[in-house]
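# next input, structure requested:
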Amino acid sequence: MSVAEFVAIFGEVVTLLGVIVGVMVSVSKVINGQKCLMRTEMLRIYYHNRDREEIRQYELENFIMLYEAYKNLKGNSFIDRIYEEVKKWKVIT
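Numbers count the residues shown, from 1 in each chain. This is a model prediction of the structure:
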């Protein structure tokens with residue numbers, strides 16, 4: 001392999017790595033945005049029903065699905081306490 005070929009291959013590898021890093025950063029930002037939206041929706045459901053400590057069945061199902069997705073995306077434990085509280089509420093069908 002000549003020096004010119006090595007330099008060409010090295011340049012292509014560096015360019016490819018730059019693209020991969022850019023994609024990874026973009027995906028990370030999308031994941032963070034999704035977590036923020038999920039957390040916001042869970043908090044909206046929580047504060048909407050907190051005073052009565054009652055929750056409609058569809059809201060509870062949505063809350064649980066949001067919580068599971070949030071945790072699968074490595075969401076922090078902030079919402080765990082709220083999740084445990086919501087599970088104790090009376091479910092209205």
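
# what about the helices in the chain?
3-49, 57-72, 78-87 (DSSP state H).

# tell me what the longest one is packed against?
It refers to helix 3-49. helix 57-72, helix 78-87 (3 or more C-beta pairs under 8 Å, 6 or more residues apart in numbering; DSSP states H and E). Yep, even glycine has a C-beta here, placed from its N, CA and C like the rest.

# what separates stretch 55-69 from the chain centre, distance-wise?
15 Å (C-alpha atoms, centre = their mean, to the nearest Å).

# any idea of the mean pLDDT for that stretch?
Averaged across stretch 55-69, the pLDDT comes to 97.

# what residues does that stretch touch?
Residues outside stretch 55-69 that contact it (C-beta atoms under 8 Å, 6 or more residues apart in numbering) are 34, 38, 41-42, 45-46, 48-49, 79, 83, 86, 89-93.

# just the buried members of those?
Buried subset of the contacts of stretch 55-69 (neighbour count, 16 or more other C-beta atoms under 10 Å): Met38, Met42, Ile45, Tyr46, Asn49, Ile79, Tyr83, Val86, Trp89.
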